[in-house]
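In: just need the structure, nothing else, for what follows:
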Amino acid sequence: MKKIINISTKEEVKFTKGDLPMMVHGKEHSGASLLSIVIASMLHVGDKKLLMFTAYPMAKEEFLKQIENPETVFYLESENDFEKATKFQTIFVKSGDADLFTKAISNSSLVKDRIIFVKNIETINIPIFNFVSKYPFIITGDLELNPLQKYFVDCDYSTRILFNTVGNEKIVYLEKYQAILKNRLGEKIITLN
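Out: As a prediction, this is how the structure comes out:
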């Protein structure tokens, strides 16, 4: 599995449920996508239950490469499989199917004790903040592209990872695949290894 490294100390940075809610903001080709999948993989390997939605199937493929036990992942393609999906540690909602995702996050048995992971927030054309914010969650993507998701920009996060400037929050120039991590412990620059 890939690792997230603190640039200055060269130490691995790990994430837990205590780091949620979390926002990973990055424009296309910034590295935010891969880093967010590594974080989700880290939580999965740490025995956390996830409900994941991404716009594109490549994220699912990368997630499966990162984890050691793909048999604990269910690919949800229909409402008819909600009950079956609850038996799996991680549920991956069919990529790009925002309607199925909103039905899934509205189903209490499906989201019970799960971390909600939403990748490519800029592609979801249904306001989901009120559903997602009830649970521990990770939101990733370009948070400035979709006005329907504006509440996620101003949300109070335990952890913010910024590859690019967001809202009124400016960041220093970073190399590709580097990001600013802001949490209760302060601020640091991180990257993937």
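
In: contacting residues around the nearest residue to residue 49 once chain neighbours are set aside?
Out: Nearest non-adjacent residue to residue 49, counting by CB to CB, 6 or more residues apart in numbering: residue 114, 4.5 Å away. Any C-beta I mention is one placed from the backbone N, CA and C, and that applies to glycine too. Going by CB atoms under 8 Å, 6 or more residues apart in numbering, residue 114 touches 49-51, 91, 135.

In: identify the farthest-apart pair in those residues.
Out: Using CB to CB, those reach their maximum pairwise distance at 91 and 135, which is 13.1 Å.

In: measure residue 9 to residue 186 for me?
Out: Using CB to CB, to the nearest Å, residue 9 is found at 12 Å from residue 186.

In: cool, residue 85 as well?
Out: Separation of residue 85 from residue 186 (CB to CB) stands at 38 Å.

In: neighbour-wise, which of the two wins?
Out: A count of neighbours by other CB atoms under 10 Å puts residue 85 above the other of residue 85 and residue 186, at 21 against 7.

In: thinking that one is in contact with residue 78, fair?
Out: No: if you go by CB atoms under 8 Å, residue 85 and residue 78 don't touch, sitting 9.8 Å apart.

In: if we can go back for a sec, turn the contacts of residue 114 into TSV, including pLDDT.
Out: Output for the contacts of residue 114, formatted as TSV (pLDDT from 0 to 100):
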residue	pLDDT
49	98
50	98
51	98
91	98
135	95
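
In: closest to residue 193 among those residues?
Out: Using CB to CB, residue 50 comes nearest to residue 193 of the contacts of residue 114, at 22.8 Å.

In: burial check on the closest residue to that closest one other than its chain neighbours, number of neighbours?
Out: In this structure, residue 50 finds its nearest non-sequential neighbour in residue 90, 4.4 Å apart by CB to CB, 6+ apart. Using other CB under 10 Å, residue 90 has 26 neighbouring residues.

In: swap in residue 158?
Out: Counted by other CB under 10 Å, the residues lying close to residue 158 total 15.

In: read off the pLDDT value for it.
Out: Looking at residue 158, its pLDDT is 97.

In: just confirm residue 25 contacts residue 157, I think it does.
Out: No: using CB under 8 Å, residue 25 makes no contact with residue 157, being 10.1 Å away.

In: in terms of neighbours, single out the busier of the two.
Out: Neighbours were tallied for residue 25 and for residue 157 using other CB under 10 Å; the higher tally belongs to residue 25 (27 against 19).
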